[in-house]
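>>> whatever this is, show me its structure:
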Amino acid sequence: MLSLAWSTLRARKGAFAGAFVALMCASALVTACGVLLETGLRGDIAAERYAGAPIIVGADQQVHWTEHKKDKVKTKSKPLTERAWLPADTVDRLQKLPGVEKVTPEVTFPARTGRGTAQGHAWDSAALTPFTLAAGRAPRTDGEVVVDARAGLRPGATVIVSATAEAKTYTVVGVTAQALPSQGSLFFSGAEALRLAGRPGQVSAIGVFPASAEKAVRDALRGTPAKVYTGDARGPLEFIDASKARVTLISMGGALGGTSLLVAILVVVGTFALSIEQRRRELALLRAVAATPRQLRRMIGREALLVGLAAGLLGAVAGLALARALRSLFLHYGVMPQNLGLVLSPFPMAAGLGATLLAGWAAARLSARRTARIRPAEALAEAAMERRRPPWARTLIGLVVLAAHITLLAVLQGLDTEAAATPVTFLAVVLAAVAVALLGPVIARVAMTLLAVPLRLSRVSGHLAAANTTANTRRLASVITPLTLAVGMACTILFVPATVGDAATRQAREGAKAEIVLAGRVPHTATDAARALPGVRAVTEIVPSTIRVGRGKYAAQGVTPEGLGQTIDPGVRAGSLDRLAEGTMAVSATAAGHMHARLGDEMRLTLGDGTPARARVTAIYDRGLGFGDVLLPYGVVAAHVDDPLPRQVLVAGGSADALREAVRAHPGVQVLTSEQAQTLRKAQQSQNTEVNLVVMGLIIAFTAIAIVNTLAMATAERNREFALLRLIGTTRRQILRMLRLETLVVALVGILLGTGIALATLAAYGAGMTGAARPAFPPLIYLAVIAAGALLALVATAVPARLALTADPAEAIGSRED
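Purely as a prediction, here's the structure:
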């Protein structure tokens, strides 16, 4: 059977070309996702700033909790969203240890200049890298700074630095001989660095020399919050954002890989089904000459393995290139740091190849199951005529899958977190597409019953199109499925962020009471100037962060409590914002449900830098998408974030012109109306979702390839039909018009089904996430999706049809008979 399978592949290259392309794309997708997943799990984060220090002492950058399941106790952890700091007295403890020759404390804080973002430090900690001076001297006073080699400045120049306080002009007194690959560095005097860091009595890290003191350091710090980092562990401490990026890659690679695999299986099954449908006459002849069902299944399975092996190998290699391209995109969007390289190992390639072989073999065996069981006496008759009724088992399974899809939609309506709802959303679309694939012949027959009448209004081409589509509903169903999947998946991927974003914008707009917004990194002096203006009733500073309550992670905002009710209205349903003060918090209704929190309950929190806290619930509000899960006093949040400057300042009352004049001395601060601030917020939300759209766009591209692939296969195999039509007097123009009408029917049915699936899924998603079954369907984007689908279908039909029509009709019929 292997030799027969090989002979079949050599003789029918065109028939297997579509399956080859589908399997190769599937292998590339799975391999690329595997690379992302493995990078998240095993990727090394190289140290830069701490590269010259053999031992780094820092705080634990993870939050830990304990889970009890039956008799087992498990400790789990997640990375903190802000940097955890150490008590400064840890330096004194380490200096007294035997074998320790040098202890260098470090403070790190964001420092922005007109030339970009950098990290600020005290010059005393330059030895950790080490940095040396190429020109000038070390800073001695509060108004002096040393810049790195990449800054392009010389001693004597001045530079405006915006750190964790108001912007200030510094004189450059030195330039280092070095520059770090992925971060700029600014060095201040020790006293100025401590002031800018804003963490009195704390340090971000401590360098200890020499390496031989490691054991003494570990023993001295055992049982304290401090941890010892050496070797490769120094990188994650230096780049806490890189640790968060690894978690993102793990979730993204797993979710995208799983969705890609499901879509790939569906596409490959459809492609093989069409390929075997086109070979019914050949397979029937084999049954007529005494080939057993088992032999046919083995032959088809081995054909699939041979095709899958070649396609899987090529796809796996292409998947590595695809993973590199994705890394470049992630670097561009800031999702992945420069110093986190891809992990390239044989495992993702093996996974891509194995998934391809398994998907191809299973698809071929399932597609050939019915053909292989036909009795020899019925084989040729079955091949000559399409069966009018689909197998009852297929219809029954299709109905079961449809019921599973409906059940999943019901589950989706009860999910109100993105992490839980997103995978269920895409699984629901795939299940719906599977149901369409299984019920395809029934759907096609119903569709043609409705569309045959308008088709026949065209005297020749329309009658031919109606006759063809009515007589070949199985072929029609095979090309409807990928188009349905493409439209449904594209609309879902594109409109899931829009559904939540629109709801968040709507809630923020409805709850906005402040007439003017200061946007950017707003220093406190600018806020004080706004408060002093005549007519200003209230000023609210807002700084974002995240907190944890138990295992749950929640978006939090630090807000100025005084006059809060005059600047925002989050839709309080219980309690009052007037009671918000230190030791209290307001919680959205959704978050309160997950926390099991009620009005007056005292909750245990973990702030962004890992600091434990307690807060009593003083208000529960409805507009959580617009104002975050949790509202805390500004001072509580600002003391535990890396960048404490407010991102927005809401101003109730006053004049916009007067505000512009008051903040003129603070570059980078924008004065916006409430409407302008909402527009800016929406633009930022769109930018944050771009990376997800780029990644999930790979699935859209795969389904688009499936459309072209399937339609091209279906059209290319109709040479004999086209030749016969030409011999009985049908012109090429009439045949092409017939094909266009058939394609438009396929496009119409696929677009309607895909749109219906997306609408139902997005409505369920919106009901759970936003509380209203109101999916966002931006008209222009939707029109672009359906236009692209229809255009792909028309091109994929027209190109092979024109090639087929170039052949001589008599020769085309003769070649098929041979």
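>>> and residue 212, what is it in contact with?
Residues in contact with residue 212 (Cβ atoms under 8 Å, 6 or more residues apart in numbering) are residue 99. Placement of C-beta: from N, CA and C, glycine included.
>>> could you chop the protein up by domain?
Annotated domains of the chain cover 1-45+245-385, 55-242, 457-511+674-818, 521-668 [automatic domain parsing].
>>> quick one: closest of those to residue 444.
domain 457-511+674-818 (4.0 Å; Cβ to Cβ).
>>> centre of the chain to that closest one, how far?
23 Å (Cα atoms, centre = their mean, to the nearest Å).
>>> and stretch 588-596, by the same measure?
Using Cα atoms, centre = their mean, the offset of stretch 588-596 from its chain centre is 25 Å.
>>> tell me the buried residues in it?
588-592, 594-595 (16 or more other Cβ atoms under 10 Å).
>>> how about stretch 68-76?
Buried residues in stretch 68-76 (16+ other Cβ under 10 Å): none.
>>> for stretch 706-725, same thing?
For stretch 706-725, by 16+ other Cβ under 10 Å, it's 706-723, 725.
>>> CA atoms of the longest strand seen in the chain as CSV?
Ranked by residue count, the top strand of the chain under DSSP state E comes out as strand 536-549. This file holds the C-alpha atoms of strand 536-549, laid out as CSV (Å, rounded to 0.1, in the frame of the first residue of the first chain):
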residue,chain,number,x,y,z
VAL,A,536,-11.7,75.3,40.3
ARG,A,537,-14.0,73.2,42.5
ALA,A,538,-12.0,70.0,42.7
VAL,A,539,-8.8,68.4,41.3
THR,A,540,-8.3,64.6,41.2
GLU,A,541,-4.9,63.0,40.5
ILE,A,542,-5.0,59.5,39.1
VAL,A,543,-2.2,57.0,39.1
PRO,A,544,-2.7,53.4,37.7
SER,A,545,-1.5,50.2,39.3
THR,A,546,-2.6,46.7,40.0
ILE,A,547,-3.4,44.9,43.3
ARG,A,548,-4.1,41.3,44.3
VAL,A,549,-6.7,40.0,46.6
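>>> quick one: name whatever helix or strand follows that strand.
strand 552-559 (DSSP states H and E).
>>> I'd like to know which elements that following strand is packed against.
strand 536-549, helix 589-595, strand 630-633, helix 634-638 (3 or more Cβ pairs under 8 Å, 6 or more residues apart in numbering; DSSP states H and E).
>>> with mean pLDDT added, can I get these in TSV?
Supplementary listing: the helices and strands packed on strand 552-559 in TSV, determined by pLDDT from 0 to 100:
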stretch	mean pLDDT
strand 536-549	93
helix 589-595	92
strand 630-633	96
helix 634-638	93
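>>> nearest to residue 336 among those would be which one?
Nearest to residue 336, of the helices and strands packed on strand 552-559 and by Cβ to Cβ, is strand 536-549 at 19.8 Å.
>>> what is the closest one packed up against?
Using 3+ Cβ pairs under 8 Å, 6+ apart: strand 536-549 touches helix 524-531, strand 552-559, strand 602-606, helix 634-638, strand 648-653.
>>> out of those, which one sits most buried?
strand 648-653 (a mean of 23; mean count of other Cβ atoms under 10 Å).
>>> so which of the helices and strands packed on strand 536-549 gets nearest residue 199?
helix 634-638 (11.3 Å).
>>> may I have that closest one as CSV, with CA atoms only?
The C-alpha coordinates for helix 634-638 follow below in CSV (Å, rounded to 0.1, in the frame of the first residue of the first chain):
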residue,chain,number,x,y,z
TYR,A,634,-3.8,58.4,45.7
GLY,A,635,-1.1,58.4,48.4
VAL,A,636,-1.5,54.6,49.1
VAL,A,637,-0.9,53.7,45.5
ALA,A,638,1.7,56.3,44.6
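>>> now, the buried residues of stretch 706-725 that are in helices?
706-716, 719-723, 725 (DSSP state H).
>>> surely residue 785 meets residue 489?
No. With contact defined as Cβ atoms under 8 Å, residue 785 and residue 489 do not form a contacting pair (10.1 Å).
>>> give me the more crowded residue out of those two.
Comparing residue 785 with residue 489 by other Cβ atoms under 10 Å, the one with more neighbours is residue 489, at 27 against 23.
>>> quick one, what contacts that one?
With Cβ under 8 Å, 6+ apart, residue 489 has these contacts: 263, 426, 429-430, 433, 699-700, 703, 754.
>>> tell me the one of the buried residues of stretch 588-596 nearest residue 808?
residue 590 (69.1 Å).
>>> list the buried residues in whichever strand or helix holds residue 800.
Assigning secondary structure by DSSP H and E places residue 800 in helix 779-804. The neighbour-count check on helix 779-804 (16+ other Cβ under 10 Å) flags 782, 785-786, 788-790, 792-794, 796-798, 800-801, 804 as buried.
>>> equivalent analysis for stretch 251-265, please.
Quick answer for stretch 251-265 (16+ other Cβ under 10 Å): 251-265.
>>> can you check stretch 349-359 too?
349, 351-353, 355-359.
>>> pLDDT on it, on average?
In this model, stretch 349-359 has an average pLDDT of 86.
>>> you'd agree residue 221 is up against residue 58?
No. Here residue 221 lies out of contact with residue 58, judged by Cβ under 8 Å, at a distance of 10.6 Å.
>>> more neighbours, the two?
Using other Cβ under 10 Å as the criterion, residue 221 and residue 58 rank with residue 58 on top: 28 against 18.
>>> pLDDT value on the more buried one, please?
94.
>>> can we start the residue count at 8 from this point?
Shifting the count to begin at 8 puts that one at residue 65.
>>> which residues does it contact?
Per Cβ under 8 Å, 6+ apart, neighbours of residue 65: 91, 93, 211-213, 233-234, 236, 244.
>>> phi, psi for it please.
Taking degrees, to the nearest 10, you get phi -150, psi 170 for the backbone angles of residue 65.
>>> what's the answer for residue 78, then?
According to degrees, to the nearest 10, residue 78 has phi -100, psi 0.
>>> kindly report the same for residue 751.
Per degrees, to the nearest 10, the backbone of residue 751 is at phi -60, psi -40.
>>> likewise residue 116?
phi -150, psi 150.
>>> can you give me the pLDDT of the spatially closest residue to residue 524 that is not a sequence neighbour?
Using Cβ to Cβ, 6 or more residues apart in numbering and skipping residues adjacent in sequence, the residue nearest residue 524 is residue 684, 3.9 Å away. Looking at residue 684, its pLDDT stands at 85.
>>> mind giving me the packing neighbours of the one helix or strand residue 684 maps to?
According to DSSP H and E, residue 684 maps onto helix 681-723. When contacts are defined as 3+ Cβ pairs under 8 Å, 6+ apart, helix 681-723 packs onto helix 20-49, helix 247-285, helix 300-340, helix 480-518, strand 523-526, helix 739-776, helix 786-811.
>>> if you average pLDDT over each of the ones you listed, which is lowest?
helix 247-285 (a mean of 75).
>>> so that helix versus helix 300-340, what angle?
150 degrees (axes from the mean of the first three to the mean of the last three Cα atoms, to 10 degrees).
>>> what helices or strands is helix 247-285 leaning on?
Checked by 3+ Cβ pairs under 8 Å, 6+ apart, helix 247-285 has helix 20-49, strand 79-86, helix 241-245, helix 300-340, helix 353-379, helix 425-445, helix 480-518, helix 681-723 packed alongside it.
>>> just the angle between the first one and helix 480-518, please?
Spelled out, it's helix 20-49. Using the same axes, to 10 degrees: helix 20-49 against helix 480-518 is 30 degrees.
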